[in-house]
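Peer 1: the following comprises the amino acid sequence and a computationally predicted model.
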Amino acid sequence: MTQRGTLGVAVIGTGKMGADHVRRLHGVTGGARVAAVVDIDEARAEKIANAIEGCTAYTDPSAAMAADGVDAVLIASPGPAHEAALLTALEYDLPVLCEKPLTPDAASALRVMDAELKLGRRRIQVGFMRRYDTEYVKLKSLLGNGYLGRPLMLHNRHRNAAAPTGFTSANLINDSVVHEVDATRWLLGQEITAVTVLRPTSSENAPEGLDDPQFVIFETDGGALVDVEIFVNCGFGYQVQAEVVCERGTARIGEGHAMVTNMAGRWGGTIAQDFTERFEDAYDREVQAWVDATRRGEVTGPSTWDGYAAAAVCEAGVRSQTEGGRVAVQLVERPALYG
Ligand SMILES: NC(=O)C1=CN([C@@H]2O[C@H](COP(=O)(O)OP(=O)(O)OC[C@H]3O[C@@H](n4cnc5c(N)ncnc54)[C@H](O)[C@@H]3O)[C@@H](O)[C@H]2O)C=CC1
Ligand SMILES: O=C1[C@@H](O)[C@H](O)[C@@H](O)[C@H](O)[C@H]1O
């Protein structure tokens, strides 16, 4: 570790999330500094590096990871670029926080898991930040105390005001629904065994080539049924809601009613416009927890196994989108390294 024991982090990918994580590491969280930034867009990386003392810009992830003063890596490039960056980080034996998805399909996720298994110790945390959101944490702890009884159903709504240009049906599963895949596995403590994707009439606001919204159903090995409404061009804001239905009661999060105003014969509040607003605190807690654990020499949080299991479920979801019907999820046996 460098400079008075702070963790020197190389941030790979300096687009929307990467730039936000740089801001967070530099000015919000403690115990780390941004030692390097990497982007295939050289000007973008340089602009960010120039604003931070002691930070160097690179276009090649491998060069950044080999640099003096780099102790850890935060990957925020697009999903298809994650595998190469993860394998390089494992070669250098560097701890990693990798934005979701770990990779966009099960075979590439398995290659990453095999490389970590060869190393013989956990190095990777996957950026499933909902596990750090206070509402999700409360729901998890309520389910854990058994007060409501066994969970039978989980209803999810995931709405974005607008999807990025070029967002495809596969992105809708791999980039958006992947959060509900992880939240389901984590909240219920069950694996997802089958996925069915159904499509209502598409919104006239959906871009050419994308059916939006879609309706996704998971079956789990504990017998629960889970549904996800995914609507990435809903137009009015960003909403992530979940309601669990148990034997003796229900619990709901994500209503967003932090403040309700009454005025001119109406009542109401505001709706977050995107994930950086809705999950700001969760990202802060996630990154701080990663920095703290890394400085202690530990790896905590969602593992490579969680990333692989999510990738396998998403792959089944994409197959259901293209082939129709219910697609079973096949997982390899869980290695002992992942408990
Ligand atoms: N946890 C969350 O809620 C969210 C996570 N994400 C994830 O963060 C990652 C980045 O997403 P965004 O920032 O929205 O994308 P973006 O498109 O805004 O930024 C990606 C950046 O990576 C750069 N890049 C592309 N290939 C690269 C490579 N091989 N090496 C280095 N840089 C490369 C691009 O030039 C661009 O600057 C994705 O994995 C995405 O799924 C994105 C949004 C929210
Ligand atoms: O991860 C994210 C984006 O990549 C994705 O595109 C959005 O749908 C999610 O809400 C956001 O959390």
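Peer 2: Perfect, thanks for sending it. Ligands and ions are numbered 1, 2, ... in the order given.

Peer 1: pick out the residue of the protein closest to ligand 2.
Peer 2: Residue nearest to ligand 2 within the chain (C-beta to the nearest ligand atom): residue 176, separated by 3.4 Å. In this view, the C-beta of every residue, glycine as well, is placed from N, C-alpha and C.

Peer 1: can you give me the neighbour number for that residue?
Peer 2: 24 (other C-beta atoms under 10 Å).

Peer 1: likewise residue 299?
Peer 2: 19.

Peer 1: same question, residue 178
Peer 2: 25.

Peer 1: does ligand 1 have contacts with whichever helix or strand it is part of?
Peer 2: Per DSSP states H and E, residue 178 falls inside helix 178-188. No: figure legend: helix 178-188 not in contact with ligand 1 (C-beta under 6 Å from any ligand atom); closest approach 7.0 Å.

Peer 1: what's the answer for stretch 108-126, then?
Peer 2: No: shown here: stretch 108-126 not in contact with ligand 1 (C-beta under 6 Å from any ligand atom), separated by at least 9.6 Å.

Peer 1: what does the residue in the chain that ligand 1 sits nearest to show for phi and psi?
Peer 2: Residue nearest to ligand 1 within the chain (C-beta to the nearest ligand atom): residue 15, separated by 1.7 Å. Main-chain dihedrals, residue 15, degrees, to the nearest 10: phi -80, psi -140.

Peer 1: OK, contacts around it?
Peer 2: Residues near residue 15 by C-beta atoms under 8 Å, 6 or more residues apart in numbering: 39, 44, 76-77.

Peer 1: equivalent analysis for residue 232, please.
Peer 2: Counting by C-beta under 8 Å, 6+ apart, residue 232 makes contact with 159-160, 162-163, 167, 172, 176, 210, 212-213.

Peer 1: who does residue 124 bridge with?
Peer 2: Assessed by DSSP bridges, residue 124 has beta-bridge partners residue 96.

Peer 1: quick one: low-confidence parts of the protein?
Peer 2: Across the chain, residues meeting the criterion (pLDDT under 70) sit at 1-4, 257.

Peer 1: repeat that for 90
Peer 2: Residues of the chain that meet the criterion pLDDT under 90 lie in 1-5, 209, 255-260, 269-270.

Peer 1: and the helices in it?
Peer 2: Along the chain, the stretches classed as helices by DSSP state H are 16-27, 42-50, 61-66, 82-91, 106-119, 134-144, 169-171, 178-188, 275-278, 280-295, 304-323.
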